[in-house]
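**Student:** return a 3D structure for these sequence lines:
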Amino acid sequence: MDAHDAARLLRGVRAAALAGDRPPTSPRPEIAASWRRMLACGVDPDRDSRSRMLSAAETEERRQVSPLRPLLPILREGLLPALDEVTHIMVVADADGRLLWREGAASILRKADRLGFGVGADWDEAVVGTNGVGTALVTRRPVQVFSAEHFVSSHHDWTCAGAPVHDPRDGQLLGVVDVSGPLATMHPATLTWVASVARLAERELRIRHLESLERLRAVAAPLLARLSGRAIAVDPHGWTAAVTGLAPAERIPLPKGFGPGSQWVPQLGDCAVEPLPGGWLLRVEQARTGAAAGRVVLDLSRERAWSATVYGAAGSWTQELSPRHAELLFLLAESPRGRSAAELALELFGDSTRTVTVRAEMSRVRRHLAGVLTHRPYRFAEDVEVEVIRPRPPSVLLPHSTAPAVIRARLGRNGTGVIP
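**Tutor:** Here you go, the predicted model:
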């Protein structure tokens, strides 16, 4: 379809959806979900709202500490050579949606200035509506926003494709790389291109992480060879560099406030902790009795900051959750008797045959929550009390999710219809 014809159709879809009428065609699920969020938080669809721009000093301060800074050469190499030819610009934003770097065709940079799409601007979804930066931050997935898919009408001559960049060590969202330009010049394959470059950036982070583990291993291995008993060397994120007297574990969850001295560590028990260059040496002292998990608090109230906190006799620790793991744990919390892989697949995807995906994701989440989750069927352990903290309003529960069970939970709470 011609770009202008597509834009005209999308304007009709958006107008019908905002008016509560039946649209000529349904918006894409990720766009419909974003529009629902915008309505819930009161973004004006016909008014261009902008927050305070960061000063040059504030922007430079964020640039200096940004984990995306060392990735700029990869992002530039992957994106900039083609941008002048296709009249687009590249934008790199941090995890708050603040634009820190912007490069590309000069003519498009001037057009971006008129939209407030400049360095230091806040393009969080709740500020400017559906867009390639803010919406990618919410969903943590690559997203392309074409013309009138933007919630705010002043952005309808613009099209953008953004992809999040995650830290492979802990899954933390670092920011978004985005390619934007005028409506007529954007190609459907742009999203795949941008997402591929974001994955290259993540691969570079992974390589750097493996190199840091090798350096830690070189220091720790001679120390461990002289120790009797059980000990393990981990980096600041809990990734294992070397081990003795223990079954190898890829990663050990470290409690908050972790530091030298006597510490209780999940999976290990009481440990004597000593600093190493680039990590920690954990010497297992003795297992505490009665330290099994007794309570789990699943906090879904804070957008983009979902977590599971495990409480036991020995203390507590918190695991941040990806969108998919937050969905799975919510479904299990709502199903005390448990669910099979097929049942979870039906509730997540509307397709009971997608069990391979479910099993793979459950394997990942169980690695982080050992002793809390069981399988056959998947469920929380019988002696674990589970509390779910839901958002207010309930209609924004897991706003990224298109899982049928989550959508039903939203509807059951607010009793109203939603944009298709």
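
**Student:** who touches the closest residue to Arg324 other than its chain neighbours in this structure?
**Tutor:** Take Arg324 and drop its neighbours on the chain: the residue closest to it by Cβ to Cβ, 6 or more residues apart in numbering is Glu361, 5.5 Å away. The C-beta positions use only the backbone N, C-alpha and C, and glycine is treated the same way. Glu361 makes contact with 324-325, 328, according to Cβ atoms under 8 Å, 6 or more residues apart in numbering.

**Student:** let's see that with 10 Å instead.
**Tutor:** Going by Cβ atoms under 10 Å, 6 or more residues apart in numbering, Glu361 touches 322, 324-325, 327-328, 341, 344, 348.

**Student:** where does it land in three-state SS?
**Tutor:** Three-state assignment for Glu361 (DSSP: H, G, I helix; E, B strand; the rest coil): helix.

**Student:** what about the strands in the stretch 51-200 of the chain?
**Tutor:** Assigned by DSSP state E, counting those that start in this stretch, the stretch 51-200 of the chain shows strands spanning 89-94, 99-104, 143-146, 158-166, 173-182.

**Student:** highest average neighbour count across these?
**Tutor:** Using mean count of other Cβ atoms under 10 Å, the stretch among the strands of the stretch 51-200 of the chain with the greatest mean number of neighbours is strand 143-146 (a mean of 28).

**Student:** quick one: list the elements packing against that one.
**Tutor:** helix 3-19, helix 29-41, helix 134-139, strand 158-166, strand 173-182, helix 190-225 (3 or more Cβ pairs under 10 Å, 6 or more residues apart in numbering; DSSP states H and E).

**Student:** distance of the residue nearest to the spatial centre of the chain relative to Val176?
**Tutor:** Ranked by distance to the mean C-alpha position of the chain (Cα atoms, centre = their mean), the top residue is Arg140 at 4.0 Å. Separation of Arg140 from Val176 (Cβ to Cβ, to the nearest Å): 10 Å.

**Student:** intersection of neighbour lists for the two?
**Tutor:** With Cβ under 10 Å, 6+ apart, Arg140 and Val176 have common neighbours Pro164.

**Student:** before we move on, the earlier item: using TSV, please lay out the contacts of Glu361 together with distance to Pro67 and secondary structure.
**Tutor:** Putting the contacts of Glu361 into TSV (distance: Cβ to Cβ, whole Å; DSSP: H, G, I helix; E, B strand; the rest coil) gives the following:
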residue	distance to Pro67	secondary structure
Ser322	18	coil
Arg324	23	helix
His325	22	helix
Glu327	26	helix
Leu328	27	helix
Ala341	35	helix
Leu344	33	helix
Leu348	31	helix
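
**Student:** now rank those residues by neighbours and give me the top one.
**Tutor:** Leu344 (28 neighbours; other Cβ atoms under 10 Å).

**Student:** quick one: contacts for the closest residue to it other than its chain neighbours?
**Tutor:** Once flanking residues are discounted, Leu344 sits nearest to Val358: 4.8 Å by Cβ to Cβ, 6+ apart. Counting by Cβ under 10 Å, 6+ apart, Val358 touches 324, 328, 339-349, 352, 378.

**Student:** what's the per-residue pLDDT of Val358 here?
**Tutor:** Predicted confidence (pLDDT) for Val358: 88.

**Student:** buried set for the helix or strand it falls within?
**Tutor:** According to DSSP states H and E, Val358 maps onto helix 355-368. Neighbour counts over helix 355-368 (16 or more other Cβ atoms under 10 Å) mark 355, 357-358, 361-362, 365-366, 368 as buried.

**Student:** how much space between the nearest residue to Leu246 once chain neighbours are set aside and Cys271?
**Tutor:** Closest residue to Leu246 apart from its sequence neighbours, by Cβ to Cβ, 6+ apart: Arg230 at 5.0 Å. From Arg230 across to Cys271, the span is 9 Å (Cβ to Cβ).

**Student:** sorry, back to before: now the helices and strands packed on strand 143-146 in JSON lines, with distance to Asp113?
**Tutor:** Converted to JSON lines, these look like this (distance: least, Cβ to Cβ, whole Å):
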{"stretch": "helix 3-19", "distance to Asp113": "22"}
{"stretch": "helix 29-41", "distance to Asp113": "24"}
{"stretch": "helix 134-139", "distance to Asp113": "18"}
{"stretch": "strand 158-166", "distance to Asp113": "12"}
{"stretch": "strand 173-182", "distance to Asp113": "12"}
{"stretch": "helix 190-225", "distance to Asp113": "21"}
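
**Student:** so which of those comes closest to Glu125?
**Tutor:** Nearest of the helices and strands packed on strand 143-146 to Glu125, taken as Cβ to Cβ: helix 134-139 at 3.2 Å.

**Student:** show me what that closest one is packed up against.
**Tutor:** When contacts are defined as 3+ Cβ pairs under 10 Å, 6+ apart, helix 134-139 sits against helix 29-41, strand 89-94, helix 125-128, strand 143-146, strand 158-166, strand 173-182, helix 190-225.

**Student:** where do the strands sit along the stretch 201-350 of the chain?
**Tutor:** Under DSSP E, counting those that start in this stretch, the stretch 201-350 of the chain gives strands at 231-234, 240-244, 261-265, 269-276, 279-284, 293-299, 307-312, 315-320.

**Student:** what comes up buried for stretch 4-15?
**Tutor:** Applying 16+ other Cβ under 10 Å to stretch 4-15 flags 6-7, 9-10, 13-14 as buried.

**Student:** correction: stretch 41-49
**Tutor:** For stretch 41-49, a neighbour-count test (16+ other Cβ under 10 Å) marks 43, 45 as buried.

**Student:** equivalent analysis for stretch 329-344, please.
**Tutor:** Within stretch 329-344, the residues scored as buried using 16+ other Cβ under 10 Å are 329-333, 335, 338-339, 341, 343-344.

**Student:** and if you look at stretch 379-396?
**Tutor:** 379-380, 384, 386, 390-391, 395-396.

**Student:** and what of stretch 19-37?
**Tutor:** Residues of stretch 19-37 classed as buried by neighbour count (16+ other Cβ under 10 Å): 23, 27-28, 30-37.
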